[in-house]
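Q: build me a model:
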Amino acid sequence: MVFELYSEKQPQAADSFAALCEGSEGNSYTGSEFHMGQTGFGISGGRMGEENVSAFGIRLQDEDLTMRHNKRGQLTLPNNGENSSGSEFTITFGAAAYLDGYQTVFGELVEGHKVLDTLEAGVDRHGAVNEDFKITASGSK
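A: Residues are numbered from 1 along each chain as shown. Sure, this is the predicted structure:
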């Protein structure tokens, strides 16, 4: 899967995501799992330990929350409150207006739509990922 990152509008989120894509062992998305997904919503991955911190070892400040979750394949940062995003990310399966104003949209899928279809087929409406989906390699172009 290839994503275009919104580096100009969401520099912290994009920089952290890119750094974790390029990262070293123990600080990389490579080998991490997609741990939660829900039909009609999206699939989440990038959990790295219990702390859910960014590539910089801290939680990220919220950036431009005016960007809308308006299509399939958007990258967004789940959080558990204001200024609390970290390494975890979600790829949307469609528009998710209920996330607008709460989660940072920081990129979108540009290649690999069939992979996203496969990921969506492997989740259920209860939040379970019913397949063993792992990121086997990550990097940047």
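
Q: I'd like the next helix or strand past the longest strand anywhere in the chain.
A: Looking across the chain with DSSP state E, the single longest strand is strand 104-111. The element immediately downstream of strand 104-111 (helix or strand, assigned by DSSP states H and E) is helix 113-121.

Q: residues near the closest residue to residue 32 other than its chain neighbours, how many?
A: Nearest residue to residue 32, sequence neighbours excluded (CB to CB, 6 or more residues apart in numbering): residue 135, at 5.3 Å. Just so you know, the C-beta spots here come from the backbone N, C-alpha and C atoms, and that holds for glycine as well. Neighbour count of residue 135, defined by other CB atoms under 10 Å: 17.

Q: is it true that residue 6 touches residue 105?
A: Yes. Residue 6 is within contact range of residue 105, at 7.2 Å (criterion: CB atoms under 8 Å).

Q: what distance do you get for the residue nearest to residue 32 to residue 115?
A: Here residue 135 is placed at a distance of 11 Å from residue 115 (CB to CB, to the nearest Å).

Q: again with residue 95
A: According to CB to CB, residue 95 stands 20 Å off from residue 115.

Q: ok, now residue 107?
A: As judged by CB to CB, residue 107 and residue 115 stand 15 Å apart.

Q: which residue ranges of the chain form helices?
A: Remark: helices assigned in the chain by DSSP state H are 11-22, 113-121.

Q: tell me the buried residues in the last one?
A: The one in question is helix 113-121. 116, 119, 120 (16 or more other CB atoms under 10 Å).

Q: lovely, talk soon.
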